[in-house]
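*Asks:* 3D model of this:
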Amino acid sequence: MISNKADFLSLKNCEDPLRKPMLVPSGRQVCCDLLIKNLAETALEIAGIRPGTREFRDVRRMGKIIRDFLQKHYEKAFEVLTAQIDITQRTNYKGRKICTWVTNGIHFAAYETPGLYNIHDKLLEEYYDSIANKETGNKRRPKTGSSRNKPNRGFGRNRGWGRG
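*Replies:* A predicted model of the protein is given here:
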């Protein structure tokens with residue numbers, strides 16, 4: 001349960017490595033590292049996913065694309081949340097690699113995953129993807145990219161390691 005005296009993440013306390021667990025409430029976007037947002041938008045553009053297109057509604061796929069791109073760039077594990085509804089996030093993460101933003105009605109949150117984790121272990125990646133799919137009610141899609149697959153219409157969670 002979140003107390004009424006919750007500490008809110010803001011640009012002022014992005015630098016504080018001793019900060020307590022932080023809350024990013026719905027309606028508030030905080031980006032301690034703008035490069036995360038820029039890299040995420042670049043990743044989606046490279047994948048051919050542009051705002052206003054049908055593909056831009058597949059939040060699970062967008063989260064995975066962004067997560068993989070951020071992990072390659074930073075060589076660290078990332079967790080990415082994507083949703084068509086506003087995100088309220090409480091995190092124990094104390095670093096600067098955290099960003100929340102909204103693009104064309106889709107809400108994004110990305111942060112470096114605290115903990116040791118080998119991002120190059122493909123079997124482990126698939127295992128965590130399967131957990132994310134179970135949590136969000138998504139069934140694994142065939143790799144053929146069939147047009148019969150309907151885009152996910154809710155919440156996508158793609159993680160590197162742990163629950164952050």
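
*Asks:* from memory Gln29 sits against Val102, does it?
*Replies:* Yes - contact criterion CB atoms under 8 Å: Gln29 and Val102 qualify, at 6.3 Å. Where C-beta positions appear, they are placed from N, C-alpha and C, glycine not excepted.

*Asks:* so for the two, which residue has more residues nearby?
*Replies:* Gln29 (15 against 12; other CB atoms under 10 Å).

*Asks:* which parts of stretch 93-109 are buried?
*Replies:* Across stretch 93-109, burial judged by 16 or more other CB atoms under 10 Å covers 93-94, 97-101, 106-109.

*Asks:* restricted to strands, list these.
*Replies:* 98-101, 106-109 (DSSP state E).

*Asks:* local confidence estimate at Asn158?
*Replies:* pLDDT recorded at Asn158 is 57.

*Asks:* same question but for Lys97, I mixed them up
*Replies:* At Lys97, pLDDT is 90.

*Asks:* and it, how far from Leu34?
*Replies:* According to CB to CB, to the nearest Å, Lys97 and Leu34 sit 11 Å apart.

*Asks:* ditto for Asp58
*Replies:* Note on Asp58: its distance to Leu34, by CB to CB, is 25 Å.

*Asks:* ok, these two, which is more surrounded?
*Replies:* More crowded of Asp58 and Leu34, by other CB under 10 Å: Asp58, with 23 against 10.

*Asks:* just name the shakiest helix or strand of the protein by mean pLDDT.
*Replies:* For the chain, counting by mean pLDDT, DSSP states H and E, strand 155-158 ranks last in confidence among helices and strands (a mean of 52).
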